[in-house]
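Colleague: sequence plus predicted model, see below.
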Amino acid sequence: MKTEDLVALLAAGDITPPGPAAGRLYATACGRGGLIAILLMLTFLKFRPDLLQALWLPMFWVKIGFAAALAAVGLFAVLRLSRPGARLTWLPLALALPLLAIWALAAISLANALPEEHSALFFGKTWMVCPLLIALLSIPVFRMVFQVMREMAPTRPALAGSAAGLLSGAVATLVYCLHCPEMGAPFVGFWYLLGILIPTTVGAIVGNKTLKW
Amino acid sequence: MQRTNRVEGFQAREERLKALLMRGLAGENAAYQSFLSELSAHLRAFLRRRLIRLPDEVEDLVQEALLAIHNQRHTYDPGQPLSAWVQAIARYKLIDLLRRRAGHEALNEPLADDLHLFAASATDAEDARRDLQGLLAELPDQQRLPIVHTKLEGRSVKETAALTGLSESAVKVGVHRGLKALALKIRGIL
């Protein structure tokens, strides 16, 4: 087929682009996946028993803010990486801000605590399950975000996949905050982050394999 | 002076092509056709400069890039320079091709010295690769028929729906999926 014939073929018929805008598709994916994650959490993990009192504690909202900030960065990165040629210069800074903030809080809380309390602040009571549970809760959002991304045009598939993983991990962390009783900033800055990094890493691998177009 | 002229020419082309694309995305077929055909000339020049040692690949890759641009046209953000978007797609397709070739050549390294032996069949394969119509024939009916009726025979979505017994949305989906499948088929052949 000659190139001019291909051009004629592509330009014929209904050429308006298919489907709703990317932002809406990703938001829907996060919403639906997040809802499934909430149902999973309610079925297998339950709310933390003191959830209503915890709502009045600043640290609860620090955890929510940390996860929400990473989810926002993840969503913007996912949107940008879905479009060929979009700029990403702000991404490292946007990613660094929530991390530096939680690490600063962690440093302050460790500095103010007695040495014998350090281990409790860092390990809490649930460090062994926390990253794994966050990774498991991220699966629904992960799958749905990838489904949308396959319809887009990521020119850097590994990076795009890891952004999708970051987004799903951060949404899962938001949900996990409703269950997790830990309130130490060092705990959040390490074990929560580790939980988010699991889907982020898996996303890079899956993205590299499946986001071809 | 010359330099400013060149920059202005670039700007003017960017704006012209962008206007054509936006009209095309709004459903204007003629504008979209001029967009794609002007773009194919730019793509050809861009890729020819980068495939000096593989001149036979240029036209195939122009077609691949055009197909990709069409299939991914919903990812263009009007706030973004068109040249950045197009160039990123062209470069992606170029790198993809070079990577596939590298893998292919590594796989067939023992045959490299006997290239003349297979030269004839290699040209055959190349002719076949260009034959999009042949690839189109391999698509399943619910993708092939919508493409053939709406894009080659110029029928409306409604007529095609009546003709094929598919719903109107299935016709639209069939065209979209079919063209994406076509792009993957081209990729898969080397």
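Modeller: Sure thing, it's come through.
Colleague: when you work out contacts or count neighbours from here on, use the C-alpha atoms and nothing else.
Modeller: OK.
Colleague: A:Leu70 - how many residues pack around it?
Modeller: The burial metric for A:Leu70, expressed as a neighbour count using other C-alpha atoms under 10 Å in any protein chain shown, is 27.
Colleague: what kind of secondary structure is it in?
Modeller: Using DSSP: H, G, I helix; E, B strand; the rest coil as the criterion, the local structure at A:Leu70 reads helix.
Colleague: what about the residue nearest to B:Leu25 when sequence neighbours are not counted, neighbour count?
Modeller: Sequence neighbours aside, A:Thr16 is the residue nearest to B:Leu25 in space, at 5.0 Å (criterion: C-alpha to C-alpha, 6 or more residues apart in numbering or on different chains). Per other C-alpha under 10 Å, the neighbour tally for A:Thr16 reads 15.
Colleague: can you give me the helices for chain B?
Modeller: For chain B, helices defined by DSSP state H occupy the ranges B:2-25, B:29-50, B:57-71, B:82-107, B:115-130, B:132-138, B:141-147, B:157-164, B:168-188.
Colleague: switch those over to a markdown table; also include mean pLDDT and mean neighbour count.
Modeller: Rendered in a markdown table, the data for the helices of chain B read as follows (pLDDT from 0 to 100; neighbours: other C-alpha atoms under 10 Å in any protein chain shown):
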| stretch | mean pLDDT | mean neighbour count |
| --- | --- | --- |
| helix B:2-25 | 82 | 14 |
| helix B:29-50 | 90 | 18 |
| helix B:57-71 | 90 | 22 |
| helix B:82-107 | 84 | 16 |
| helix B:115-130 | 36 | 13 |
| helix B:132-138 | 82 | 15 |
| helix B:141-147 | 90 | 23 |
| helix B:157-164 | 88 | 17 |
| helix B:168-188 | 86 | 19 |
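Colleague: which one of those lies closest to A:Gly195?
Modeller: Using C-alpha to C-alpha as the criterion, the shortest distance between A:Gly195 and the helices of chain B is 31.9 Å, found for helix B:82-107.
Colleague: tell me the angle of that closest one relative to helix B:168-188?
Modeller: Here helix B:82-107 points in a direction 50 degrees away from that of helix B:168-188 (axes from the mean of the first three to the mean of the last three C-alpha atoms, to 10 degrees).
Colleague: that older thread, dump the helices of chain B to CSV, plus distance to A:His118.
Modeller: Formatted as CSV, these follow (distance: least, C-alpha to C-alpha, whole Å):
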stretch, distance to A:His118
helix B:2-25, 59
helix B:29-50, 58
helix B:57-71, 55
helix B:82-107, 49
helix B:115-130, 65
helix B:132-138, 65
helix B:141-147, 63
helix B:157-164, 68
helix B:168-188, 55
